[in-house]
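Participant: next one to model:
(chains A and B)
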2 protein chains.
Amino acid sequence: MAGPKSIVFGVIGIDNLDTPSGKARNVLGGPATYAGLASAIFAPTGLVSVVGSDFPFWRALSRLDTSGVSVAPGKTFRWSGRYRGAMDEAQTLKTELNVFAGYFPQLPESYKGCKVLFLANADPSMQMSVLAQARPDFTILDTMNYWISRKRRQLLRAAARVDCLILNDAEARMLTGEQSLVLAADALASLGPGYVIIKKGEHGALLLGERDGHFFSPSYPVRRVVDPTGAGDSFGGALAGFLASKGSFSERHVRQGIVYAGAVASRTVEGFGTSTLARTKRVQVENRYRAFRKIVLF
Amino acid sequence: MAGPKSIVFGVIGIDNLDTPSGKARNVLGGPATYAGLASAIFAPTGLVSVVGSDFPFWRALSRLDTSGVSVAPGKTFRWSGRYRGAMDEAQTLKTELNVFAGYFPQLPESYKGCKVLFLANADPSMQMSVLAQARPDFTILDTMNYWISRKRRQLLRAAARVDCLILNDAEARMLTGEQSLVLAADALASLGPGYVIIKKGEHGALLLGERDGHFFSPSYPVRRVVDPTGAGDSFGGALAGFLASKGSFSERHVRQGIVYAGAVASRTVEGFGTSTLARTKRVQVENRYRAFRKIVLF
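Facilitator: Numbering: from 1, shown residues only, chains lettered A, B, ... in the order given. Next comes the predicted model:
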């Protein structure tokens, strides 16, 4: 039995969202949800996570292989966040780990030996446990400020064991102490990963590769950002899914994957929560991919 | 007698600079100086400005036609500025207008009917007086927060009379009241200019053109920014000089001009004041232009 080509590990949650465009309560969220839905646009994708017995959103995950999602007695992870002004940073109002606290990821046999593993933001020790079980051809690691300040040493060790490290600009500065993103990318590459990607939100993404040096992709010019939640996670998941679909991790494919990832993230932020991402089809992503070629043409 | 193809109007000044890389006192500065030196890399360039009888930097302007620079009794314009941290914003410590206060620009006959006029940041009424005299084929208008708050109405009228409006991201948000730069660019285009360019510092530049829509160019990945002073002015001046050299203002040439402008600006910030810009040769700019093609290739 062929397992999913792309595996996404991370939190599946229930969110309360508050943005200048409106509010939403008790909606499906979590990094693994966004990353999984994005990956599935490109390749068969499996999730590794845990939810509580209260979790009501199974149908919304029907695109995904959920045989790696455990159900534990208790409540699902919950997050409440708010965005203001330019919406360039989420303000966390409340986080409840619930069943994610004390979760020990166990991968189904069918997930093992997958093409690409995307480790969404989580405790670096848990991320490494999933990596050891999955034995993927290519691993992408995401993280966040919480783990940079609380589990710095484990995070640095984890970064040395993956193929691609993905952070946002503030996290790259925080982890390296470098103000310049160019120097921050150099410092991150020196940790070990062959590819370093710095996400800059509305300003696009920067790649530092081993052979061809810097690559820069802008953000798609979205006229109205409704809700930035999950933009970064769907970016990472889309990259994973695209690379899994190619089965190649060449610099050229990573560059193309970053453009696809930007295209998917631009869809995500046009709707509340996962609403727009969940109904995004490959053809819509291809249209934006082609638009990117025109946007950088000179 | 053939006059200069590119004309730059604005302040020539004497600066005190303080950056994390060091300090410099009494160095050549001012928007017109940076823009003029940048323009001259591409095309014969004339300056329109005024200096005091104390001005000692004529030799540094020898690349430029200075027949439009008046010498008035008194002191040259002076500016003291400081940069901290990520150096993304200058903190003005002191501005002395000196001879620039009460200056009435008078253009030499040889400047009239030039190809391109670059109106560096200055009082919009003065900018319009220079435009009326120069009768150029193409005009680029730059401005700053000071004029947006103090001469908003005049500035909006000026914007309607030029071909290309160039602002940084904070100014675009301030002038339009839009947080989204995509919407800000739409609002600026509705003022009248066929081209709107929003400079985003280390995040590159966004163009909104009439026909081909959005264009995005990243910043050149400079490893060590020594002094950001004049980056925006040399960006605008380089665009003016490049377009003057082409004698064409097509969207394709404006896109190429923006990439050349980014290449020149990246040289400017690698040295203190005008030091690196002043010794920049066309071949160095062409090398960075070629590097930009690789940076956005996917």
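
Participant: next secondary structure after the helix or strand A:Arg173 falls within?
Facilitator: Under the assignment given by DSSP states H and E, the secondary-structure element containing A:Arg173 is helix A:169-176. Once the chain leaves helix A:169-176, the next helix or strand it forms, by DSSP H and E, is helix A:181-189.

Participant: and the helix holding A:Arg173, what does it pack onto?
Facilitator: Taking 3 or more Cβ pairs under 8 Å, 6 or more residues apart in numbering or on different chains; DSSP states H and E as contact, the helices and strands that helix A:169-176 lies on are helix A:145-150, helix A:181-189, strand A:195-199. Bear in mind the C-beta positions are built from the backbone N, C-alpha and C, glycine included.

Participant: so which bits of that helix are buried?
Facilitator: Neighbour-count burial for helix A:169-176 flags A:Asp169, A:Ala170, A:Glu171, A:Ala172, A:Arg173, A:Met174, A:Leu175, A:Thr176 (criterion: 16 or more other Cβ atoms under 10 Å in any protein chain shown).

Participant: picking up where we left off before, out of the helices and strands packed on helix A:169-176, which is closest to A:Val269?
Facilitator: Between A:Val269 and those, the tightest spacing by Cβ to Cβ is seen for strand A:195-199, at 12.6 Å.

Participant: residues touching the closest one, excluding its own?
Facilitator: Strand A:195-199 is contacted from outside by A:163-169, A:172, A:181, A:184-185, A:188-189, A:205-210, A:232, A:235, A:239, A:251, A:254, A:258, using Cβ atoms under 8 Å, 6 or more residues apart in numbering or on different chains.

Participant: partner strands of it, with direction?
Facilitator: The partner list of strand A:195-199 in its sheet, established with DSSP bridges, is strand A:164-168 (parallel), strand A:205-208 (antiparallel).

Participant: what residues are up against A:Val254?
Facilitator: Remark: with contacts taken as Cβ under 8 Å, 6+ apart, A:Val254 is in contact with A:Cys164, A:Tyr195, A:Leu207, A:Gly209, A:Leu239, A:Leu243.

Participant: how many other residues sit next to the closest residue to the second one other than its chain neighbours?
Facilitator: Right, the one you point to is A:Tyr195. Leaving aside its sequence neighbours, A:Tyr195 sits nearest to A:Cys164 (Cβ to Cβ, 6 or more residues apart in numbering or on different chains; 4.1 Å). Neighbour count for A:Cys164, taken as other Cβ atoms under 10 Å in any protein chain shown: 25.

Participant: just to revisit the earlier point, ranking the strands paired with strand A:195-199 by burial, who's on top?
Facilitator: Of all these, strand A:164-168 carries the top mean neighbour count, a mean of 27, counting by mean count of other Cβ atoms under 10 Å in any protein chain shown.

Participant: gap between that strand and the chain center?
Facilitator: Here strand A:164-168 shows a centroid-to-chain-centroid distance of 9 Å under the convention Cα atoms, centre = their mean, to the nearest Å.

Participant: now do it, average pLDDT.
Facilitator: Per-residue confidence for strand A:164-168 averages out to 97 on the pLDDT scale.

Participant: could you give the angle of it to helix A:181-189?
Facilitator: Computed by axes from the mean of the first three to the mean of the last three Cα atoms, to 10 degrees, the angle separating strand A:164-168 from helix A:181-189 equals 140 degrees.

Participant: now do strand A:164-168 against helix A:169-176, angle only.
Facilitator: 120 degrees.

Participant: identify the single longest helix in chain A, thanks.
Facilitator: If you go by DSSP state H, chain A has its longest helix at helix A:251-268.
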